[in-house]
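Visitor: pasting the sequence and the predicted model now:
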Amino acid sequence: MLALSIFLASTATAAVSSQIKIEKSTINVLNSETLPGNLLPNFLFQQGSIEGGSVGVHIGGGKGEPHPFIPDDTCGDDIFEGAMEDMRSPQLPYLTQDLWTCDRTPEDIPVWTMETDELKVTITPQFAGKVWAIYDKVRERDILYNNRAHQPANIGALKAWAAGGAEWNWSPGHVGHSAFSETEVYLTKVDTSAGPMLRVHEFDRYNGTVWQVDMIIANGSFIAHPRITNPTPHDQRGYWWTCVAVEAKTSTRILTPATHVAETSREPMRDAPWPYFAEAIENSTFKGYDGEWPTDNSYLGNHQLGDMFLRIPDSVYTPYIAHTQEDGYVLVHGHPLNGTKFFTWGDGGPGRFMQDFLAGGGKRQGDYTELQVGPAPTQMQNFPVPKNTVLEWTEWFKGFDGDVSVLRGDDYQKALDEIDTWMKSSEGMTQETVHDWDAFFEKYATVEPSEILVRGQPWGALEEKLLGQRLAPGLVFDLPSKGEEGYEEMLPWMELLSDGTFSDATLSRLPLSYQTTDNWFKVIKESADRGMTWLHALHIAINLIERGDVEEPRNILKQSMELKPNPIAARNLAILCQTYEEAWPHFMAAWEILQQGEWRNDPAYERLTRNLVTEMSFLLQQEGWYSRMEEWVKVVPEFARDLDAFVTLQSKLAIHNGQFSEALEILGANCFPTYASARDDLMDMWNTAQEGLAAQKKGSPLSFVEAHQVRVANPVPENIGCKYASEYCTNYW
């Protein structure tokens, strides 16, 4: 068994300060809903940037272009070790979560709380077991960023992701907020000698691993113990980052015993000294006249934007990342891992827009920074998880009130000494205490829960059925009953295992899920050998496409269509074409099969219609097919006309037709929640429409100067905001 230790507490297990109370509750947030996943398979060859998303439609099949991580040679060997050969994030067998709302409706959402006299911890199983908030009852303050909103943005591995709290990001070697970000996971209660403990856990469909986080409160500390189990006979690569959002100001100071940093304020990733370096220029070690150029980058206000991967030497007492405010309060996040990082959106227009957006709109309602830890030095590297092994560690969060003059003084080392002194005291977190908690969690990690509080996804139980054995001791996976969440998605696969084929009822329905691992591909093919159906052919083709094949899946998709015309096979034939002109008739065939045939009565009809409207609308814009757009806007049903892709298509079409006022009205009235990096497209459309309207009023083309004057007089509105993760945006401040 592999073992690591991260420490978020300063208490021995024998000295638990007060009784732990666990109960179900609600919190009120401005809620925007993530819609069910996209039923159109999103293949590896179609993947591009992980964060920020894309509005392009990729066709052609194959394996696509890998995106390797290539740091600058100023970085040490530790940053090159385990560098990802491909930073794309596969989607299958998961469904891409690419549609969500911008409703921001005040709503009570269910949560579970764990509470003592000192702390109240709020957990949201529906968002991957995220710790939504930790409230210090003694100091009467939130110690994490308690977001007033649940507003997804196009940032996660499956696109949808919302900010705030502490999140557990497990992925099999791929960068990004995890595939579980907007998904309900298991939450159970485990009885221990220190009181009841909460456990969140799930099965990862990518590669058959499982993850869990055991959590407890003791003596004013929140302690968490992540554990990764690889029950498979295959060595795997792992990615884990505990991402902790905390409220931040420009005056917030980051405190960590690092000596240098691998930073991304400019690409590629470069090494720089910590905390004084020349941020956001090519040469981070540039000193300028009399050494005046470098800034103290431990203060957030000195950053434009960036990921700061802090390199902590092995000689420190305990690795940690902490932050302090002007009142001298310090929150320490301790851990034994190789990776320590903070991320800031920066204090420019783009950073402010993203934070305001994620906080549900309104100015300066949710400024935060993320303090993160993980086993690899950076998020562009992964680490080995050998077959049939466990990797586990302990993390702790605890705060104290320090000496402001020291913590915010010019001598950074003295500020670190202040934390070290506290950590080694009876009020802090000694190494001995941490070792005790390691032993405690390792003892209870495999203990069966006394109560299942929330049931997660059905895939773990289905995998156990396939394998004929449990995935990990102490982790409960259940199959849902008819009418329960996940039952319809799971049912076809249960039929393959129990009956050897799909039922007539399943063959009359649109597929709601896919299986693409080698084990499941084998099950599908063996069933097809006993009797091929349109659904078998569809699933076989999807597996082959994901593996990079083109010709064989094209023939099998045609077989699926012959057995039963179906919109997903037709669409998949489209994305295997080599040109967009060749692909368009297949897209239209998919649309007509869905809209004109028996599939209109399918329970998933509206869902798949939205998926097709989104993809086909983006394709029409990408190719600039305005005559086809004219026909398209006539057939899209009312329930799908509010989708971002269709709204922007209407705007582009209006601009093309000289209807500039109409385009401006469209652009000024929508939130565009799924747009991130592509907000520059919205900005361009706004400026083009303003210039076109001014030229219409003038009766002749604008001069270069006049076009400039129009843009300045009619800036991009705040609902459009700024391009994701950019550094320059004058229209939002």
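Guide: Nice, I can see it. Numbering: from 1, shown residues only.
Visitor: how close does the residue nearest in space to the middle of the chain get to residue 186?
Guide: Geometric centre of the chain, nearest residue: residue 156, 2.5 Å, by C-alpha atoms, centre = their mean. As judged by C-beta to C-beta, to the nearest Å, residue 156 and residue 186 stand 20 Å apart. Bear in mind the C-beta positions are built from the backbone N, C-alpha and C, glycine included.
Visitor: ok, residue 240 next?
Guide: Per C-beta to C-beta, residue 240 is found 18 Å from residue 186.
Visitor: do residue 591 as well
Guide: 39 Å.
Visitor: out of these two, which sits in the more crowded spot?
Guide: residue 186 (24 against 20; other C-beta atoms under 10 Å).
Visitor: grab the nearest non-local neighbour of that one.
Guide: residue 456 (3.9 Å; C-beta to C-beta, 6 or more residues apart in numbering).
Visitor: and the pLDDT at residue 287?
Guide: If you check residue 287, the pLDDT there is 87.
Visitor: same deal with the one 3 residues further on?
Guide: You'll see residue 290 listed with a pLDDT of 86.
Visitor: equivalent analysis for residue 304, please.
Guide: Residue 304 is given a pLDDT of 84.
Visitor: sec struct for residue 708, please.
Guide: helix (DSSP: H, G, I helix; E, B strand; the rest coil).
Visitor: oh, I was asking about residue 321
Guide: strand.
Visitor: residue boundaries of the helices in the stretch 501-650 of the chain?
Guide: 504-507, 518-530, 534-546, 551-563, 567-575, 580-596, 605-623, 626-635, 644-656 (DSSP state H, counting those that start in this stretch).
Visitor: doesn't residue 110 lie inside a strand?
Guide: Yes. According to three-state DSSP, residue 110 belongs to a strand.
Visitor: contacts only, for it.
Guide: Residue 110 makes contact with 24, 25, 26, 126, according to C-beta atoms under 8 Å, 6 or more residues apart in numbering.
Visitor: circling back to that earlier point, wait, doesn't the residue nearest to residue 186 sit right on residue 202?
Guide: Yes. Using C-beta atoms under 8 Å, residue 456 makes contact with residue 202 at a distance of 5.4 Å.
Visitor: any shared contact partners between these two?
Guide: By C-beta under 8 Å, 6+ apart, the residues touching both residue 456 and residue 202 are 183, 185, 186.
Visitor: the first one - that's part of a helix, no?
Guide: The one in question is residue 183. No. Assigned with three-state DSSP, residue 183 falls outside any helix and is coil.
Visitor: residue contacts, it?
Guide: Residue 183 makes contacts with 126, 127, 128, 202, 456, 457, as judged by C-beta under 8 Å, 6+ apart.
Visitor: please identify the helix or strand for the fourth one.
Guide: Using DSSP states H and E, residue 202 maps to strand 195-203.
Visitor: equivalent analysis for the last one, please.
Guide: Secondary-structure element containing residue 457, defined by DSSP H and E: none, the residue being outside all helices and strands.
Visitor: columns pLDDT, neighbour count and distance to residue 92 on top of the contacts of residue 183, output as a markdown table?
Guide: What follows is these, written out as a markdown table (pLDDT from 0 to 100; neighbours: other C-beta atoms under 10 Å; distance: C-beta to C-beta, whole Å):
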| residue | pLDDT | neighbour count | distance to residue 92 |
| --- | --- | --- | --- |
| 126 | 98 | 19 | 23 |
| 127 | 98 | 25 | 22 |
| 128 | 97 | 26 | 19 |
| 202 | 98 | 27 | 17 |
| 456 | 98 | 28 | 20 |
| 457 | 98 | 21 | 15 |
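Visitor: tabulate those residues (JSON lines), appending distance to residue 518.
Guide: Shown next, in JSON lines, are the contacts of residue 183 (distance: C-beta to C-beta, whole Å):
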{"residue": "126", "distance to residue 518": "31"}
{"residue": "127", "distance to residue 518": "30"}
{"residue": "128", "distance to residue 518": "26"}
{"residue": "202", "distance to residue 518": "21"}
{"residue": "456", "distance to residue 518": "24"}
{"residue": "457", "distance to residue 518": "20"}
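Visitor: for those, which one is nearest residue 333?
Guide: residue 128 (18.7 Å; C-beta to C-beta).
Visitor: run through the residues that contact that closest one.
Guide: Counting by C-beta under 8 Å, 6+ apart, residue 128 touches 167, 168, 178, 180, 181, 182, 183, 185, 200, 202.
Visitor: quick one: low-confidence parts of the stretch 601-733 of the chain?
Guide: Applying pLDDT under 70 to the stretch 601-733 of the chain flags residues 733.
Visitor: which of the three states applies to the closest residue to residue 650 other than its chain neighbours?
Guide: Excluding the flanking residues, the one nearest residue 650 by C-beta to C-beta, 6+ apart is residue 666, at 5.8 Å. For residue 666, the assignment made with three-state DSSP gives helix.
Visitor: ok so, going back, state the distance from the residue nearest to the centre of the chain to residue 110.
Guide: Per C-beta to C-beta, residue 156 is found 21 Å from residue 110.
Visitor: repeat that for residue 383.
Guide: For residue 383, the distance to residue 110 - C-beta to C-beta - is 35 Å.
Visitor: for residue 27, give me phi and psi.
Guide: Phi and psi for residue 27, reported as degrees, to the nearest 10, are phi -130, psi 150.
Visitor: residues touching it, list them.
Guide: Counting by C-beta under 8 Å, 6+ apart, residue 27 touches 108, 109, 111, 122, 132, 133.
Visitor: which of the residues you listed are buried?
Guide: 111, 122, 132, 133 (16 or more other C-beta atoms under 10 Å).
Visitor: check contacts around the first one.
Guide: The contact partners of residue 111, by C-beta under 8 Å, 6+ apart, come to 24, 25, 26, 27, 122, 123, 124, 132.
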